[in-house]
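Novice: show me the folded form of this:
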Amino acid sequence: MPTILRKNGFRVVIYFDDHLPAHVHVMNADSEVKIDLGSSANPPQIIQLNGKRGDAVKALELVTAHQNELLEAWRQIHGEP
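Specialist: This is a model prediction of the structure:
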């Protein structure tokens with residue numbers, strides 16, 4: 001489970017044995033959010049939240065800001081989404 005990004009108290013990871021759709025798990029001390037990475041035509045979206053709604057909003061903003069980088073990391077680990 002490589003950590004792809006750390007920022008603002010969040011850790012963004014992609015699991016080696018994960019499945020489609022291309023997604024990340026974003027964690028902080030209080031929450032874990034699973035976010036679909038979307039595509040060049042579609043923005044990321046929350047799939048699952050375990051924790052605080054405010055953390056989910058911040059996690060989604062973080063993933064949206066780094067969408068291209070995270071999609072590339074997914075491709076390097078899993079191949080094309």
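Novice: name the residue closest to the centre of the chain, please.
Specialist: Nearest to the mean C-alpha position of the chain, by C-alpha atoms, centre = their mean, lies Val24 at 2.9 Å.
Novice: confirm that one sits in a helix?
Specialist: No. Counting by DSSP: H, G, I helix; E, B strand; the rest coil, Val24 falls outside a helix, being strand.
Novice: please name the bridge partners of the residue nearest to it when sequence neighbours are not counted.
Specialist: Excluding the flanking residues, the one nearest Val24 by C-beta to C-beta, 6 or more residues apart in numbering is Val12, at 5.1 Å. Any C-beta I mention is one placed from the backbone N, CA and C, and that applies to glycine too. According to DSSP bridges, the partner residues bridging Val12 are Leu5, Val26.
Novice: number of residues surrounding Val12?
Specialist: Residues contacting Val12 under the criterion other C-beta atoms under 10 Å number 23.
Novice: gap between it and Pro21?
Specialist: Distance of Val12 to Pro21, computed by C-beta to C-beta, to the nearest Å: 16 Å.
Novice: now do the contacts for Leu62.
Specialist: Neighbouring residues of Leu62 by C-beta atoms under 8 Å, 6 or more residues apart in numbering: 5, 7-8, 10, 12, 26.
Novice: and whatever helix or strand it lives in with strand 23-27, angle?
Specialist: Following DSSP states H and E, one finds Leu62 within helix 53-65. On the basis of axes from the mean of the first three to the mean of the last three C-alpha atoms, to 10 degrees, helix 53-65 is oriented at 130 degrees to strand 23-27.
Novice: what residues of helix 53-65 count as buried?
Specialist: Residues of helix 53-65 classed as buried by neighbour count (16 or more other C-beta atoms under 10 Å): 55-56, 58-60, 62-63.
Novice: quick one: those residues as TSV, columns for pLDDT too.
Specialist: Formatted as TSV, the buried residues of helix 53-65 follow (pLDDT from 0 to 100):
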residue	pLDDT
Asp55	98
Ala56	98
Lys58	98
Ala59	99
Leu60	99
Leu62	99
Val63	99
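Novice: what about the closest residue in space to Lys7 that isn't next to it in sequence, distance to Asp17?
Specialist: Nearest residue to Lys7, sequence neighbours excluded (C-beta to C-beta, 6+ apart): Leu62, at 6.1 Å. The gap separating Leu62 from Asp17 is 24 Å, by C-beta to C-beta.
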